[in-house]
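I'll drop the sequence and a predicted model, then ask my questions.
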Amino acid sequence: MTATRVLVLNSGSSSVKYQLLDMRDGSRLATGLVERIGEQSSRLKHTPLTGGGESRERTEPIADHDAALKAVAAELAKDGLGLDSPELAAIGHRVVHGGKHFTEPTVIDDTVLAEIERLIPVAPLHNPANLTGIRTAQALRPDLPQVAVFDTAFHTTMPESAARYAIDVETADRHRIRRYGFHGTSHAYVSRATAELLGKDPSEVNVIVLHLGNGASASAVRGGRCVDTSMGLTPLEGLVMGTRSGDMDPAVIFHLARVGEMSIAEIDTLLNKKSGLIGLCGDNDMREIRRRIDEGDERAQLAFDIYIHRLKKYIGAYYAVLGKVDAIAFTAGVGENAAPVREAAVAGLEQLGLAVDAELNAVRGDGPRLISPAGARVAVAVVPTDEELEIATQTWATAG
Ligand code: AMP
């Protein structure tokens with residue numbers, strides 16, 4: 001029997017998301033999520049996607065990642081998709097931080113594990129969870145190739161002029177401080193899919209990708225290679241996000257420490273978890289913010305305006321970085337669904353050849369689609385991202 005299945009694992013500190021795909025056609029066989037690992041009320045939601053099976057949900061204590069993966073394996077086995085199946089070809093892991101070192105998806109061995117571990121100081125929240133997921137999966141299927149697909153890899157083509165902060169070079173190098181960028185799997189997938197939508201090869205087009213989810217980032221992609229992106233050493237830099245501030249004068253931190261007498265941990269939480277849209281208006285869901293705006297809520301309106309102002313600045317900046325832009329692609333939860341965000345982001349940019357057609361923008365759809373008026377100089381597109389498919393595709397290609 002030929003092995004054609006790839007399991008994609010995205011291990012967070014207290015969660016594991018997974019998808020099982022058949023690489024003959026990229027179809028999904030099952031998908032699911034384990035949340036609140038380590039708590040009494042852990043929840044597993046499993047959805048088989050073949051044979052018309054229904055979603056199954058359980059709430060029970062799941063002590064650690066090992067128990068979580070075993071529970072996932074048991075659910076998959078009920079659908080005849082067990083992880084012991086000879087049809088499973090490889091396991092692909094989303095790894096958040098690959099530093100400068102990992103420019104490609106990589107088959108995991110001890111050296112790779114050690115390098116991911118070495119990067120923990122620059123990704124203290126994410127890499128330890130990713131490592132736990134990898135080790136657990138290795139214990140379950142030591143015979144299978146396991147591939148790390150890095151969120152940073154697509155951005156390793158950024159020139160030094162974009163990747164370096166203007167701080168003392170020796171200090172920066174000693175502490176590995178530079179702009180790494182994140183959401184790379186999405187930016188890679190969406191920039192390629194946008195070229196495809198235009199009927200061109202990725203090497204022929206320049207694209208600005210706007211990944212607007214709860215986390216949000218922009219990238220400038222020239223001929224299929226990333227030349228700049230808005231997230232930096234960590235995902236805190238750049239756009240206004242659901243709960244993160246994005247760009248800010250770094251002296252705000254000194255001020256909060258000195259005058260506000262806040263600890264570094266408190267400031268970290270403030271800027272990563274209590275800022276952005278939620279800090280500005282108390283909601284981080286764009287649907288709720290739009291609803292409040294429709295009711296005349298001024299705080300929600302101001303949060304929206306700040307969000308759009310920053311987005312527009314990045315569109316302008318990346319237009320200048322690229323010189324010539326063929327397309328702007330909106331993706332992720334907000335980018336794919338929030339027509340008012342897309343409309344406002346390009347409003348007034350007609351001189352740059354940018355506009356959206358109101359009717360096309362209002363249409364809901366699943367696939368990649370153009371929303372710019374016919375004959376527009378720059379295509380504006382909605383391109384749904386698919387990070388799991390991209391991780392599976394890269395894992396499949398790398399595992400050989
Ligand atoms: P993601 O991180 O890509 O899953 O995106 C999550 C975010 O997408 C949510 O916080 C919402 O703000 C936003 N979102 C999802 N659906 C819609 C929608 N129909 N309209 C506006 N925003 C949406």
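Okay, I see it.

tell me the residues on the chain that lie near the ligand, please.
By CB under 6 Å from any ligand atom, the residues of the chain that approach the ligand are 213-214, 242, 284-287, 332-334, 337-338. Where C-beta positions appear, they are placed from N, C-alpha and C, glycine not excepted.

closest point of the chain to the ligand, which residue?
Gly333 (2.1 Å; CB to the nearest ligand atom).

quick check: pLDDT value at the closest residue in space to Gly26 that isn't next to it in sequence.
In space, and not counting its chain neighbours, Gly26 is closest to Leu389: 5.7 Å by CB to CB, 6 or more residues apart in numbering. Looking at Leu389, its pLDDT is 95.

could you do the one 10 residues further on as well?
The per-residue pLDDT reported for Ala399 equals 93.

give me phi/psi at Gln394?
phi -70, psi -40 (degrees, to the nearest 10).

quick check: which element contains the residue nearest to Gly26?
Taking DSSP states H and E as the definition, one finds Leu389 inside helix 387-399.

what's that helix in contact with?
6, 8, 10, 19, 21, 23, 26, 31, 89-94, 104-107, 145, 147, 149, 185-186, 188-189 (CB atoms under 8 Å, 6 or more residues apart in numbering).

would you mind listing the buried residues in it?
387-396, 398-399 (16 or more other CB atoms under 10 Å).

of those, closest to Ala344?
Glu387 (25.8 Å; CB to CB).

what are the ranges of the strands in this structure?
Along the chain, counting by DSSP state E, strands occupy 5-11, 16-22, 27-35, 43-48, 56-59, 88-95, 106-107, 146-150, 206-212, 216-222, 225-229, 327-331, 369-370, 379-382.

so how far is the last one off the chain centroid?
In this case it means strand 379-382. 19 Å (CA atoms, centre = their mean, to the nearest Å).

with stretch 128-143 instead?
21 Å.

do stretch 9-29 as well
15 Å.

what does stretch 169-189 give?
For stretch 169-189, the distance to the chain centre is 15 Å (CA atoms, centre = their mean).

now do the same end-to-end measure for that stretch.
33 Å (CA to CA, to the nearest Å).

what's next to stretch 309-322, contact-wise?
By CB under 8 Å, 6+ apart, the residues outside stretch 309-322 that reach it are 162, 206, 208, 210, 212, 218-220, 222, 227-228, 230, 238-240, 246-247, 325, 328, 341, 345-346, 349, 352, 354.

what of stretch 24-31?
With contact meaning CB under 8 Å, 6+ apart, stretch 24-31 is reached by 4-5, 18-22, 46-50, 75-76, 79, 81, 388-389, 392-393.

which of those count as buried?
Here, 16+ other CB under 10 Å leaves 5, 18-22, 46-49, 75-76, 79, 81, 388-389, 392-393 buried among the contacts of stretch 24-31.

enumerate every residue touching Gly215.
Gly215 sits next to 182-183, 235, 241-242, 244 when contact means CB under 8 Å, 6+ apart.

just read off the phi/psi values of it.
Dihedral angles (degrees, to the nearest 10) for Gly215: phi -90, psi 150.

retrieve the pLDDT associated with it.
Confidence score, pLDDT, at Gly215: 94.

restricted to buried residues, select the contacts of stretch 309-322 in PyMOL.
If you want just the buried ones from those in PyMOL, going by 16+ other CB under 10 Å, the selection is:
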select buried, resi 162+206+208+210+212+218+219+220+222+227+228+230+238+239+240+246+325+328+341+345+346+349+354
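
what about His175, how many neighbours?
12 (other CB atoms under 10 Å).

for Thr31, see how far away it is.
39 Å (CB to CB, to the nearest Å).

likewise Ser219?
26 Å.

equivalent analysis for Gly52, please.
In terms of CB to CB, Gly52 sits 15 Å off from Thr31.

so between those two, which is more surrounded?
Taking neighbours as other CB under 10 Å, Gly52 and Thr31 compare with Thr31 leading, 18 against 6.

the strands of the chain: which one's closest to Val259?
strand 216-222 (29.2 Å).

which other helices and strands does that closest one contact?
helix 184-197, strand 206-212, strand 225-229, helix 298-322 (3 or more CB pairs under 8 Å, 6 or more residues apart in numbering; DSSP states H and E).

name the nearest residue to Thr2, sequence neighbours excluded.
Using CB to CB, 6+ apart and skipping residues adjacent in sequence, the residue nearest Thr2 is Glu87, 7.7 Å away.

how about the contacts made by that neighbour?
Counted by CB under 8 Å, 6+ apart, Glu87 has contacts 1-5.

residues in contact with Tyr165?
172, 177-179, 232-233.

show me these that map onto helices.
Ala172 (DSSP state H).

out of the contacts of Tyr165, which end up buried?
Among the contacts of Tyr165, those classed as buried by neighbour count (16+ other CB under 10 Å) are 177-179, 232-233.

any stretches of this structure with poor pLDDT?
Flagging of the chain using pLDDT under 70 yields the residue ranges 1.

wait, isn't Asn284 in contact with Arg244?
No: if you go by CB atoms under 8 Å, Asn284 and Arg244 don't touch, sitting 9.7 Å apart.

so what sits against both of those two?
Gly276.

more crowded one of these two?
Ranked by neighbour count (other CB under 10 Å), Asn284 and Arg244 place Arg244 first, with 27 against 20.

that one touches Asp268, doesn't it?
No: between Arg244 and Asp268 there is no contact under CB under 8 Å: 10.9 Å.

quick one, what contacts Asn272?
236, 243-244.

for Ser14, state which of the residues you listed is nearest.
Relative to Ser14, the closest of those is Thr243; by CB to CB it sits at 16.5 Å.

surely the closest one and Leu271 touch.
No: at 9.2 Å, Thr243 does not count as touching Leu271 under the criterion of CB under 8 Å.
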